[in-house]
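Visitor: predicted model and sequence below, questions to follow.
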Amino acid sequence: MSPRASFPMCRCLHRCCLSFLLGLGLALAPGSARAADPAAANKQIVWEAFTALDRQDDARIRGLLPEDAAIQIAGMPEPLKRDELIAFLREYWRAFPDTLHTLHLILAEGDWVAVRVTCEGTQRGDYEGVPASGRRIAYEGVHFMRMEKGLIREWWVLEDSLGMMRQLGMRLVPARAPEPPEKGK
């Protein structure tokens with residue numbers, strides 16, 4: 001084939017590559033339409049929060065939550081505020097210093113982000129009355145976060161705490177049933 005005959009194909013390939021590279025550059029550029037997508041921005045903030053949890057970076061966690069954020073952990077009677085969450089996390093990190101979260105799915109719609117996650121760690125310190133066991137645990141959870149002005153305003157945590165406690169060697173024991181009343185009384 002002569003160079004002249006291949007020129008139209010070369011020009012087409014060049015245009016396709018140039019368009020692809022320009023599109024890629026625009027999609028990755030700060031301030032691009034993609035970066036301005038609120039759902040993508042919210043997912044990024046949530047990803048940063050879990051990264052901060054794994055790094056035990058309480059300063060970064062503070063930066064992602066307003067002071068009066070509400071963190072509701074299933075099984076706890078009242079929501080925690082930001083500083084109460086930090087205190088809770090410090091205790092958890094002392095017990096499980098190698099904590100790692102694996103994010104399996106992050107979904108965002110409007111101001112809400114949902115995450116399916118696995119949390120893993122090795123118990124190296126006391127936790128909830130259970131002495132350090134050296135046991136490796138892994139448990140599943142789902143987290144829901146409501147975003148407001150680039151911060152996590154609400155954080156709902158639903159995790160398999162029972163599964164975690166069982167892995168630590170705890171057992172559920174039914175409450176003792178009351179004695180039946182004597183006949184005739």
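Guide: Great, that's in hand.

Visitor: all helices in this protein, in order from the N-terminus.
Guide: 3-28, 38-55, 58-64, 82-95, 161-167 (DSSP state H).

Visitor: hey, least reliable of those helices by pLDDT?
Guide: Note on the helices of the chain: helix 3-28 shows the lowest mean pLDDT, a mean of 43.

Visitor: just the CA trace of stretch 139-146, in PDB.
Guide: Listed next in PDB are the C-alpha coordinates belonging to stretch 139-146 (Å, rounded to 0.1, in the frame of the first residue of the first chain):
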ATOM      1  CA  TYR A 139     -16.500  -9.200  60.000                       C
ATOM      2  CA  GLU A 140     -18.800  -7.600  57.500                       C
ATOM      3  CA  GLY A 141     -20.600  -4.300  57.800                       C
ATOM      4  CA  VAL A 142     -22.700  -1.800  56.000                       C
ATOM      5  CA  HIS A 143     -22.200   1.900  56.600                       C
ATOM      6  CA  PHE A 144     -24.500   4.800  55.500                       C
ATOM      7  CA  MET A 145     -23.300   8.400  55.500                       C
ATOM      8  CA  ARG A 146     -25.100  11.600  54.900                       C
END
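
Visitor: any idea which residue sits dead centre in the protein?
Guide: Phe50 (4.6 Å; CA atoms, centre = their mean).
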